[in-house]
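# only geometry, no sequence info:
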């Protein structure tokens, strides 16, 4: 067992000496001024100890003071910023959806902007067939048309050709008469039949969406007109 006993002072007149503690004004009932002077002196005596942390504390305090105004301004506009960010996200989503719709619209645009469809061709064909002309057969495709007609006189066929060239669904410069023939009745007892036969072909016209809309209105194609107007409206929205 360890015994804390100093034998140097046994039977001796020596007495153990303790270094007196410096006077601490902070623990004494002295004036505030003396306490400040005491702290200042202690601070200067221990400059290496107090200067670095004091400098850091001062700079930190200054930074906090400087940061008060920006922080208050940021807090003030934080709600506006969140609202702006939300609107920006919605706009990004809207633009992405708009691009997808544009791609889909472009893929079906050809169905509304290509050559004359069969309805318009048939409608305007029946309007160009004059009295006295019999339409024997006709065929139609995106590339063009050809038809076979007959009449009792050549004037009616000439009128058919004129009206066909002026038709809005036919390319005027493409109409070509392939064959014009005449048939004779050898027996007078046989029923009279048309004795002029005409074969003609050409290209169908292509027109823009506005022109197509007018033709649909003129021909009374209400279903096709409704679809076309819906397509034009959507296409206009996507372009804005």
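Happy to help now that I have it. Everything numeric here is computed off the predicted structure, so don't read it as measured data.

# quick one: residue 52 and residue 39, what's the gap?
Distance, residue 52 to residue 39, by Cβ to Cβ, to the nearest Å: 17 Å. Every C-beta, even on glycine, is put in place using the N, C-alpha and C of the backbone.

# right, I mislabeled it, should have said residue 172
Going from residue 172 to residue 39 by Cβ to Cβ gives 108 Å.

# Could you report the pLDDT at the residue positioned nearest the centre of the chain?
A centroid search over the chain (Cα atoms, centre = their mean) returns residue 95, at 2.7 Å, as the residue closest to the centre. In this model, residue 95 is scored at 82, pLDDT.

# Quick check: which element contains it?
Using DSSP states H and E, residue 95 sits in helix 47-108.

# Now do that helix: which elements does it pack against?
Judged by 3 or more Cβ pairs under 8 Å, 6 or more residues apart in numbering; DSSP states H and E, helix 47-108 is in contact with helix 222-239.

# and the helix it packs on, which residues are buried?
Along helix 222-239, these residues count as buried under the neighbour rule (16 or more other Cβ atoms under 10 Å): 224-225, 228, 231, 235.

# pretty sure residue 159 is touching residue 151, no?
No - Residue 159 lies out of contact with residue 151 (Cβ atoms under 8 Å); the separation is 9.1 Å.

# quick one, which of the two is more surrounded?
Of the pair residue 159 and residue 151, residue 151 is the one with more neighbours under other Cβ atoms under 10 Å, namely 21 against 18.

# OK, contacts around the more buried one?
Going by Cβ atoms under 8 Å, 6 or more residues apart in numbering, residue 151 touches 132-134, 157, 160, 194, 196, 198.
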